[in-house]
Each structure stands twice: as C-alpha cells, then as structure tokens.
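Enquirer: Sequence and predicted structure, then a few things I'm wondering about:
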Number of protein chains: 2
Amino acid sequence: MNLARPIANGAVRCVALLITFVASIAILNPRRPKTFMPLVINPQERSWIPYEPTSHFSLQNIPFGILNREGVPRVATRIGDVVIDLAMLTELGLIPDLPGVSEGVLPLDPSALSQLRSAMYELLEESSQVLRDDVSARERALISARSASMMMPFLARGYVDFYSGIHHASNVGKMFRPDMAPLLPNYRSLPVAYNGRASSLFCSGTAIQRPYGQIKKGDGPPQFAPTEELDFELEMGFVIGKSNGKGDPISPDRAQEYIAGFVLVNDWSARDVQRWEYQPLGPFLAKSFGTSVSPWIVTPDALEPFRCQGMEQVPAPLDYLQHKKWGHFKIELEISLRTKEMSCPEVISKTDSLQLYWSFGQQLAHQTSNNTPIEPGDLFASGTISSESAFSDAIGGFGSLLELTYRGSKPIKIGGSGVERGFLQDGDEVAFSGYCQGDGFRVGFGEVEGEILPAVYKPA
Amino acid sequence: MNLARPIANGAVRCVALLITFVASIAILNPRRPKTFMPLVINPQERSWIPYEPTSHFSLQNIPFGILNREGVPRVATRIGDVVIDLAMLTELGLIPDLPGVSEGVLPLDPSALSQLRSAMYELLEESSQVLRDDVSARERALISARSASMMMPFLARGYVDFYSGIHHASNVGKMFRPDMAPLLPNYRSLPVAYNGRASSLFCSGTAIQRPYGQIKKGDGPPQFAPTEELDFELEMGFVIGKSNGKGDPISPDRAQEYIAGFVLVNDWSARDVQRWEYQPLGPFLAKSFGTSVSPWIVTPDALEPFRCQGMEQVPAPLDYLQHKKWGHFKIELEISLRTKEMSCPEVISKTDSLQLYWSFGQQLAHQTSNNTPIEPGDLFASGTISSESAFSDAIGGFGSLLELTYRGSKPIKIGGSGVERGFLQDGDEVAFSGYCQGDGFRVGFGEVEGEILPAVYKPA
C-alpha cells in the first residue's frame, strides 16, 4: 500500500482546490449540453481493449479518477486493466477539451461527465479505430493499471454520513439499547445523518494511523490512549457535481442531476472513543481521523441500467421524500482482510446496497429540504451497510467488525489462516470491493483499501 | 439589513476560494517573520482618528475583515467609525504588500496578520503623520462605517460547534433529562463537540429564512412544516490561520499560533426539528440552514491583554488538555432583539465568555488529539454561552430563547414595547455584541445580526 497521503499535503491540496474552482467557473462555458442525457451502453458491446467479463471496468462503466503520473495529477478513466490519461487524449485532439481536464482536475458537473463518457465510449468501442490504430497515442495515453497510482478524485468541502443501512442500525440498537426497540422512533421517518470531517477524507491506499482518544473502561476515570476498538464501516457514497445555488430543495427523483457519481467509502471508527464522547451531540473524534474513498467515480449514467426498487418503506415517507420512480441500485459488496500473518486477503463479509432503507435521492432531498447549500465535491455517505444475516457459514453479512464480532466479544476466524480478529490490529489491511452485475459484464468500483499503522502522539 | 447573501453566490465563492488558496501558497514567502510576535499596544495610546472610549474599534484592536466596495472584496480594518481599505493603502505603498491583500483575500496566517496589524498601528497612532496628512490617500482609503457593507471575512472548509458553555449544557440537561444529573458524565472530561455545515456560514447581515423540517407533536405522525421553535445561540468562535500539516496534535498553550482570530457566532437553531431528528447521531438539519458570523476578525494579539484564568476544572483535565498558562479571555456579551413592532432593538440578555468551561486552546487540542487535519479558514465555535442566572430583573443571562423562555413556555416581555416572545417570529432581528473592557478603551467584535424571513419550500 502507498503510505503517502496523496492530497493531505498542504501545497498539493491548495493547487487542487485552486484548479477545482477554476474548473467550476469554466464549466459555465457554452459547450455544455443543456439537458441531462444518460448514455446507456448496450450490454453486448465490447471494447477493442480486452477484459474479462468479471472486470469492474467494462465498456459499460467508463468511470473517472485522478491518476498520479510522476507526481502530476492527470484526469483518467479505466477499462479492464488499462488506465487512460485523458489530458493526453485532449492534448492529442482525440476528445473535446473539457474545463479542468488539462489542469488535472476532474470536472464534476454531471453534464460534463456525460460528455466525457460519451467521448470515451466513441474511442473505446470495438469498431473504433482512431485510438486503436495510433501506436504513438496509445503509448502516451495508456498505462497498465498495475503500475498506476491514483489520487483523491475530488475535493470535498462538506462530508455527510447517513445511517441508512437498516440492519446495521438495528444491530447497533440491539447491542447498545437491549431493553428498547432496536430502531429509534425517527428511523423510518427520516434519513438520520450527521456531518463528518471533510479534511480527513483520503484516497484508497492511504494508510490509516491508529488514533489516540479518551477511553473509559468500567468505573475507572477516562484514559487518553490508542483506541483498542478500531473498526471499518462499509459504505457507498455519492459525490455532488452541481450546486443547488443558495440552497434550493431537490426532490428525490431529480437528485441524479446533481450527482457526479458514486464511490465506495470506508468510514473508519474508534468504537471505544465513540462510546464515551458521543452523548449528546453524536460522533466526533471517533470518526475524524480518517475516511477512505475509492479512486474511481462511477457515473449515474453507468449505474442507470441497475436502477431497481428498494425495500418497502412503512410508513410511507412524507411527500418531500417520495420517489415516483425506483430510487435504488443493486451493488454487490464485499469486505476482505489481510493480517500480517497472511499472504493473501480473505473475504470476511458480503452484502449489497439494497440493504439501504433510504435511497441516495431521498438522502439528498432530506439534506436540502431546509435550504442547505450543497457544492461540487460534497460527499454523502450511506451509513454502514449490513445484511440481516450472514452470507454463508464461513462468510459474514455485516459491514463492521462491531457487528461481525459482537463488539469484539466473539472474534471471527479468518478463513484457513487460523488468525482471529475482534477489532483491527496494526498492520491489518482492509479492502472493500463493489460492482453491479450486468448480463455478461460488470460495472464496478474497484476497491477502497487501507492499512492500519501504529498509534503515535507527538503534540506541537 | 442586507438581504443578499454576500458570499453564498457560487461564482463569487469560487473566486474567493481561489484567491484564498493562492494566498495560502504565497504566504510561504520569505517576508514572513519566523516567530510569533504579539504586538500589545499600550492602553494609553490613541489614534489621530477620534473615537469614543466605548468604541469596539480602538487603536488597541485593529481587527480585519472584507469590505464590499461596490461588489469588489477589499481587505479592510476599522478604527472608531472609519473603515480603512487596506488594498488601497498597499497600492499607495503605505503598508507592506502582503499576499492576498490586493486580490481581496484576507491572509489568515497569524504571522501575516501580526505584521499587518503592526503596519496599521504605525499608520494610525497619534503621532503618525503619513496617512493623516495625505488628504488624497485618506479620501481613497477611508470609508464611513455607516455606509460600509461587509462580506464573509474567511472561507471555512470545516465548521465545528463545541458545547463548552457549562450553564447552557446544564440548563438543557435539566429541561430534557429532568430525572438525571444535568451534565452528562463526559462533560467535565472532554470538550463535547460535533461537526456543523460550513456551506451555510453567512456573514452578519444576511437574512435567515425560516427552515422547513420534520416536526413531531405528541403522539401524532411527524409533519413537514416550517419550524415553530426558531432560536438563536450566542457563541464565540475562532478561525484557523495555519494548518497542522497531516494532523499534528496541538497543545492548549500553543493553540494561538494556529489561530487567525476570533468572531461572534449565532448558530441559529430549529428546536422542534432537532428534538425529532437528533437521536442517535446529533443535530443535523436543525442547524444547517444558517450560522451567522461577525464581520471583523479580532486577532489573538489584540485579545492578549485580556487573557485570564477560567473557572476551576474538576476533575483536572487529562494531560493533553492541560494549560500551563491562563487559557481564557474575558469578553462581555449581549443579545438584543427588535421585532417589527419596535423602532429600536432592546437588550434581552447579558453574559460573558468566562462561562465557558473549556478554553479555545483546549478545544483545539482536543480536535487535533486524534490527528485531525485543520486548515486555514476552519471555524470552531464555543457552544452557547449562558450565565448561571439572569443579569438583572429586566435582562436575562442566557444565550438562547430555549433557556430564556423555558422552551417557549414562559415568554419574555421585551422591555417597554409590550411585545412577548417564546421563539423567534418572522421579521425579528437578532443582534449579538461583544467586547473586552480595557482601562479606558475597548477591544470589541462589533455585532453579528440577522433578520428572520418567512419560510418558503419550492423543490426542484
């Protein structure tokens, strides 16, 4: 894993922000299509770049990210095991010159991304010869995914974490409030959420240092010590691509007009810290030490074929939260873990995004129902996603160790390795993976991964 | 009041962010002094610009803000009733050309602000003739405060709201958990806090629209309706001027090296919305519709003479939260209200910042104790400040209507006007004011004010 925090560095971050906002101004240019035109690519179509049917990065996907090319950020896409440098294609005149791309900033406006995806489809589909037959262009723009290092694909000012995984909320309720109904009375009335810390969003591959925090055990006084209950949280997230001005409310069915795309999120948590700090105002330092994000933004256009009905909502949501069309997408999710003793990661849990009670559209409608301004780059995470039960005898169905090990009290055995885990240990590597299964192809997110580093506390 | 939201506008905000970050890169220039050199100005000294001893803007203050000069942001200071355009002084060669100033962006780096304050002191003190005797320069750079419109003085990525007003926390505890001890067990062990929404921070003078939200009355189902319990919260805030890199912890006594300055904050709240939404993850939409900030950043240098001891902390804080020097500042605070029926505002409450249990330094030490990265522009608010009891028979001592009216059940009578208030009504104007009282002079914050507009809900 890459131990550097690619955009945590102040100067680099400044430059990125700078260019993001140049891009968001420039996005007002007249080339932008006026309407939202999803390009849904026929499931039969293939690219001249070969890939397996199990690849997350099919012709039907065409996600966007930021490639770290010898320290220089380059807007990129990926197909199969090939990463493509879009700034280079722009320079060569092979795709339209969209604002931000040549400066290494991904334009987040949904219309700009639709246009970029259409342009890349034209170059990549099987019968297209322009790029395929241009050896020099291919040498300059195509990079093996194996050797590609990715950077944070967007810069968030706002980061909101929902709590829409109903089985997770219910499991946590059973553990922490055993005498009450597992779900609190508001759960089915509104998508519960809280604000997280945007400054500690990191790109997949960034190592996560075990945080110090106040921990209170039994009747003793609280201690300031490294967390002993470090955990992951399996979440999906969506990234805002378009502002709602001064805070115009957005209805659930129109949410996708404001969404640049979707990512996997690992909202690392220090359970012992949270237990002591969180009353009455919610989680704070138990979360703000790090949240990891997958490097490829999968567009709403690419997810469109996987739109489906969510679970029944009873009682019916209030009008401002009601979808007229289906609001969910079926995304298969899995968690793997590799400890120092293991040569390969092993899958420890499987679930899917239909375990979310509230849709992404309902989440955005709720956030904006009080005129909250949203801005390009804002990240909204779903909350931990857990199934109602285990996936199989050997593989769990929950999105956190808290649930998988019942607060650490029933450690899981990890596959054939003989290793047990209650909570995460230093050196553990956690990876989430997610994809939509099409007919003979996949639209996937790749992975979000991170390794745990030992705690260090050195105050200035 | 100014109904426009000066920096809520997307394009303007983009430009501001852009320039902020140009400035934060440029701040690395060699002119910056290496050490933090507070300029404490002798209480006897006066300026050649006359002002009353009760003016918040004495020679000892020299705060910084952004003047809206015909739509163009200009870095400014204020003395007495005169606002001074610092970009103009820079252009005229009267003060050093600090990064950002000529682009309308306030440099937040504490060393840069110290340097700017020293330069302005040199120009403004009684015996200085350079600006005083230059009629043309004065005509171009000096503006009457009465005609000056101010803009948001900084752009926050992170906004954190603490809960350090111990009497407020205790009052709320008594109201909402009457059967328990008023303070939760963690209150005296750590500065409780949660993340707020930075996108809805507005400059003083921005009108606040009454938000819609889910409200549940008694046993009935929740309704989506305008809040009926709109309230203010009297808070102090500090603005970060320097990053802690990848998240270096900061000790309480070194916090001021990272602080650009201090402001008044009104963290508007919808109490009925909060009551229904906030379990288990804390306040969300009840807060994110708007938070108002005073336009002048008062520097740590200006507050230094008012440093004092806070209330006794029992039990003693854990090491990482311990001050070796005094950590508090005595700031007198008052709240005034003007309803549509009233020609002038009337003071309804008075308190002071020594009602904070946790110091600003302890707050920042806590936030960074888990390696959270902080960034220039981040705002940390104190939590609502309330005294233990009323100021006088006629004037309350609490920082919210929730407390002043006991959840609206005991409306306050507002002075001679005969008007009563439980919670805020449309058209009400709320202003907070705050200052430190020196020997014959004041160092003050001016006001943070806002008017309530009627609710509107029009979804896209």
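Expert: Received the coordinates, thanks. Numbering: from 1, shown residues only, chains lettered A, B, ... in the order given.

Enquirer: Pull the number of nearby residues for residue A:288.
Expert: Neighbours of residue A:288 under the rule other Cβ atoms under 10 Å in any protein chain shown: 27. For glycine as for every other residue, the C-beta is placed from the backbone atoms N, C-alpha and C.

Enquirer: Need the three-state assignment for it.
Expert: Using DSSP: H, G, I helix; E, B strand; the rest coil, the secondary structure recorded for residue A:288 is coil.

Enquirer: For chain B, see how far away it is.
Expert: Separation of residue A:288 from chain B (Cβ to the nearest Cβ, to the nearest Å): 4 Å.

Enquirer: Kindly report the residues of the stretch 251-400 of chain A close to chain B.
Expert: Applying Cβ under 8 Å from any Cβ of the partner chain, we find that the stretch 251-400 of chain A lies next to chain B at A:251, A:254, A:257, A:270, A:273, A:276-285, A:288-289, A:315, A:318-320, A:365-375, A:378.

Enquirer: Mind checking which of those land in helices?
Expert: A:273, A:276, A:277, A:365, A:366, A:367, A:368 (DSSP state H).

Enquirer: what residues are up against the first one?
Expert: Translated: residue A:273. A:211, A:213, A:214, A:215, A:227, A:229, A:285, A:286, B:370 (Cβ atoms under 8 Å, 6 or more residues apart in numbering or on different chains).

Enquirer: Just give me the closest of those residues to residue A:261.
Expert: Nearest to residue A:261, judged by Cβ to Cβ, of the contacts of residue A:273 is residue A:286 at 28.1 Å.

Enquirer: Excluding covalently adjacent residues, which one is nearest to that closest one?
Expert: The shortest distance from residue A:286 to any non-neighbouring residue, by Cβ to Cβ, 6 or more residues apart in numbering or on different chains, is to residue A:274 (3.3 Å).

Enquirer: ok, now which ones touch the one you found?
Expert: A:283, A:286, A:287.

Enquirer: Now do the same contact list for the first one.
Expert: Read it as residue A:283. A:194, A:269, A:274, A:277, B:194, B:281, B:282.

Enquirer: Angles on the backbone of the residue nearest to the last one when sequence neighbours are not counted, please.
Expert: Put plainly, it is residue B:282. Nearest in space to residue B:282, with sequence neighbours left out and distances taken as Cβ to Cβ, 6+ apart, is residue A:282 at 2.5 Å. Dihedral angles of residue A:282 (phi, psi; degrees, to the nearest 10) stand at phi 100, psi -180.

Enquirer: sorry, back to before: would you turn the contacts of residue A:274 into TSV with pLDDT?
Expert: Listed next are the contacts of residue A:274 as TSV, based on pLDDT from 0 to 100:
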residue	pLDDT
A:283	97
A:286	98
A:287	98
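
Enquirer: ok, of the residues you listed, which one's closest to chain B?
Expert: Lowest distance from chain B to the contacts of residue A:274 (Cβ to the nearest Cβ) belongs to residue A:283, with 6.7 Å.

Enquirer: List the buried residues of whatever helix or strand residue A:137 lives in.
Expert: Assessed by DSSP states H and E, residue A:137 sits inside helix A:135-141. Neighbour counts over helix A:135-141 (16 or more other Cβ atoms under 10 Å in any protein chain shown) mark A:137, A:141 as buried.

Enquirer: Run through who's touching that helix.
Expert: With Cβ under 8 Å, 6+ apart as the test, helix A:135-141 has contacts from A:84, A:85, A:86, A:88, A:89, A:92, A:94, A:131, A:132.

Enquirer: which one of those is nearest residue A:412?
Expert: Here the nearest of those to residue A:412, counting by Cβ to Cβ, is residue A:84; it sits at 39.2 Å.

Enquirer: Look at that closest one and report its pLDDT.
Expert: As predicted, residue A:84 sits at a pLDDT of 98.

Enquirer: Now do it against chain B, distance only.
Expert: Remark: distance between residue A:84 and chain B (Cβ to the nearest Cβ) = 29 Å.

Enquirer: Residue A:120 now?
Expert: 27 Å.

Enquirer: Name the helix or strand for that residue, please.
Expert: For residue A:120, the host element (DSSP H and E) is helix A:110-124.

Enquirer: List the buried residues in that helix.
Expert: By 16+ other Cβ under 10 Å, the buried positions in helix A:110-124 come out as A:110-121, A:123-124.

Enquirer: which one of these is nearest chain B?
Expert: Checking the buried residues of helix A:110-124 against chain B by Cβ to the nearest Cβ gives residue A:110 as the nearest, at 13.6 Å.

Enquirer: How about the closest one, nearest residue that isn't a chain neighbour?
Expert: Distance criterion Cβ to Cβ, 6+ apart; nearest residue to residue A:110, sequence neighbours excluded, is residue A:241 at 4.6 Å.

Enquirer: shouldn't residue A:76 be in contact with residue A:66?
Expert: Yes - Residue A:76 lies in contact with residue A:66 (Cβ atoms under 8 Å); the separation is 6.7 Å.
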